[in-house]
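# Sequence plus the predicted model coming up.
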Amino acid sequence: MDRRGDRADPDRNLDDARRFPFATIVIKEYGDFDNASKLDRPGVFRLNIGISKETYARRVDAEEEYDFTALDRLMPHPVYGRNHWVCVLNPSESTFESIKPLLEEAHAIPLGRVERRKSRPR
């Protein structure tokens, strides 16, 4: 991970364009860009996780209309869901335990990219 802790860069040599977070915690709204979760409520935060397309398809019901303000519920990210990001607001201990495999997968995705780049002929 990088010095901020949210980007996988095992060799610490990726340029910024190749370093993208695998998970984030957001504690405030970002104007009109990202306000569907109503993070301006006291004590509310959102854990965001970037997962594989396959896992996303298994974990997210594409037909469901989600309440992006609901606490302790795994759902598509209100902005980046189309990029296979999920989120949960204020996860309980049991919810957090259930999504740990998603965090592990999210961390493994960029590491896999790094390894594939290393194995390419130069």
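Happy to help now that I have it. Numbers count the residues shown, from 1 in each chain.

# those strands in the chain, which residues are they?
For the chain, the strands defined by DSSP state E cover 23-26, 46-50, 75-76, 85-89.

# quick one: which of those strands is nearest Glu65?
Nearest to Glu65, of all the strands of the chain, is strand 75-76, at 10.3 Å by Cβ to Cβ. No exception for glycine: its C-beta is placed from N, CA and C like everyone else's.

# Does anything pack onto that closest one? Which helices or strands?
strand 85-89 (3 or more Cβ pairs under 8 Å, 6 or more residues apart in numbering; DSSP states H and E).

# so what's Arg18 scoring on pLDDT?
Turning to Arg18, the model gives it a pLDDT of 55.

# cool, and Arg7?
47.

# for Pro121, same thing?
For Pro121, pLDDT reads 77.

# do Gly31 as well
We have a pLDDT of 82 for Gly31.

# now the one 3 residues further on
In the predicted model, Asp34 carries a pLDDT score of 90.

# In contact with the closest residue to it other than its chain neighbours: list those residues for me.
Excluding the flanking residues, the one nearest Asp34 by Cβ to Cβ, 6 or more residues apart in numbering is Val79, at 5.1 Å. Counting by Cβ atoms under 8 Å, 6 or more residues apart in numbering, Val79 makes contact with 33-34, 36.

# measure the residue nearest the centre of the chain to Leu89 for me?
By Cα atoms, centre = their mean, the chain has its centre lying nearest to Ile49, at 1.7 Å. Applying Cβ to Cβ, to the nearest Å, one obtains 13 Å for the distance of Ile49 from Leu89.

# now swap in Pro110 and tell me
Taken as Cβ to Cβ, the span from Pro110 to Leu89 is 24 Å.

# lowest-confidence helix or strand of this protein?
helix 93-119 (a mean of 85; mean pLDDT, DSSP states H and E).
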